[in-house]
Structures are given as C-alpha cells and as structure tokens.
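Peer 1: Turn this into a model:
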Amino acid sequence: MSPIKARILISGLFLLVLWFGLSVQTEAQTVRTAPRVARQTRQLLQRIRVNSDNFRASFETSLQNIRLRGAESENINRDIDDYEATLNDYEDRLQSREDNASDVRQILAAAAKINSWLQQIRLGARVNQDWAEVKTSLNQLAREYNLNGVEDFENPISDDNLKFAVLSFKC
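Peer 2: Have a look, this model is predicted:
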C-alpha cells in the first residue's frame, strides 16, 4: 500500500473513531437528562388526569340539569371517553418511553372535540372552570412537544351533532 493511501486510511479511521466517540457521549447525556424530563411529564400527566376527573364529575352533574337528546348526550360522552382513551394510550407509551408528539396531537384532537361542544352548549361556570384547568395543563403538555394548544387545533364537531345541540336549546 502506498504511503498516501495509508495516510488516508488512518485519517479516515481516526475520524470514524472520533465521530463514534462523540455520538456515544451525546447519547449518554440524553440518557442522563431523560429521567428528569420523563418525571416532570408524568407529574403533568397526573395533573391532567386529576383535572380531567374533576371536569368529568362537574360535567355529569351539569348534564342532569339540562335537557339534551339521548344522541347528543351519547355523542358528548363518547368524545369524552375518546379523550380519556387517548390519555391512557399516551400514558402507556410514556411508561415504555415510546411517547412522541403524535400521541399528544391525538390527545389535543380529542380535547378539541370536547372544546367545540362546550362552546355550543352552556353547562355552567363549574364545568367551564374545570375545563379551563384541563386546557391549561394540556397546553403545557403541548408546549413540551412544541405543539399548539387545544384552541389552535382544528377539529370541529360534525354538522349533525351541531344541529342536534341547537335543536335541544329550542325546546
């Protein structure tokens, strides 16, 4: 082998070892900071769950005081169940360290449906306050994943559901 080829080969090997060493160091730094971030995210998820439970309770109480058709009530409850299912899926993925922005987008999309309902149906101050606390926590979670919050999410309720909601107020 010629001396020039040998120098190129040695230089290439040196750069490869240097690159590998830097990537291992970067990975080690990521592993060191990840548990702290994951712990904060788990605490935020716990706050979201508590706020969501408070919202669900005040929502159920408020539903007893207004007249909605069975289909409307079922649709709203289905959307809340879907939202809770997305929280469960996210929690599972967070526990297995497989969480990503797509999981949070699904939560925000489900929350946007509830938000749309609440803008159409007046359920009382307590429900609105509890939902505002949920949205505040969800928006914080969205920021952790560099996403927009609940209000910025385009996910309106369907025309059929809106028609049912409007009809219930005319009665």
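Peer 1: before we move on, which element is the residue nearest the centre of the chain in?
Peer 2: For the chain, V104 is the residue whose C-alpha lies nearest the centre (Cα atoms, centre = their mean; 2.9 Å). Assessed by DSSP states H and E, V104 sits inside helix 101-120.
Peer 1: Give the buried residues for the helix or strand just after that helix.
Peer 2: Counting by DSSP H and E, the next helix or strand C-terminal to helix 101-120 is helix 125-144. Along helix 125-144, these residues count as buried under the neighbour rule (16 or more other Cβ atoms under 10 Å): 127, 130-131, 133-135, 137-139, 141-142. Backbone N, C-alpha and C define where each C-beta goes, glycine included.
Peer 1: Stretch 89-100 now?
Peer 2: 90-91, 94, 99.
Peer 1: now R49, nearest residue through space, not along the chain?
Peer 2: Using Cβ to Cβ, 6 or more residues apart in numbering and skipping the chain neighbours, the partner closest in space to R49 is L87 (6.8 Å).
Peer 1: and that neighbour, how far is that from S137?
Peer 2: L87 sits 11 Å away from S137, going by Cβ to Cβ, to the nearest Å.
Peer 1: just checking, the residue nearest to R49 touches I48?
Peer 2: Yes. Counting by Cβ atoms under 8 Å, L87 does reach I48; the two are 6.8 Å apart.
Peer 1: ok, back up a step: TSV please, covering the buried residues of helix 125-144 and showing distance to S73 and pLDDT.
Peer 2: Below are the buried residues of helix 125-144 laid out as TSV (distance: Cβ to Cβ, whole Å; pLDDT from 0 to 100):
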residue	distance to S73	pLDDT
V127	14	92
D130	18	96
W131	17	95
E133	23	96
V134	20	96
K135	22	95
S137	26	95
L138	23	95
N139	27	94
L141	28	94
A142	29	93
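Peer 1: ok, back up a step: give me the common contacts of L87 and S137.
Peer 2: I48 (Cβ atoms under 8 Å, 6 or more residues apart in numbering).
Peer 1: Please state the offset of the helix or strand hosting E91 from the chain centre?
Peer 2: E91 is part of helix 70-95, with elements assigned from DSSP H and E. Centroid separation between helix 70-95 and its chain, computed with Cα atoms, centre = their mean, to the nearest Å, is 12 Å.
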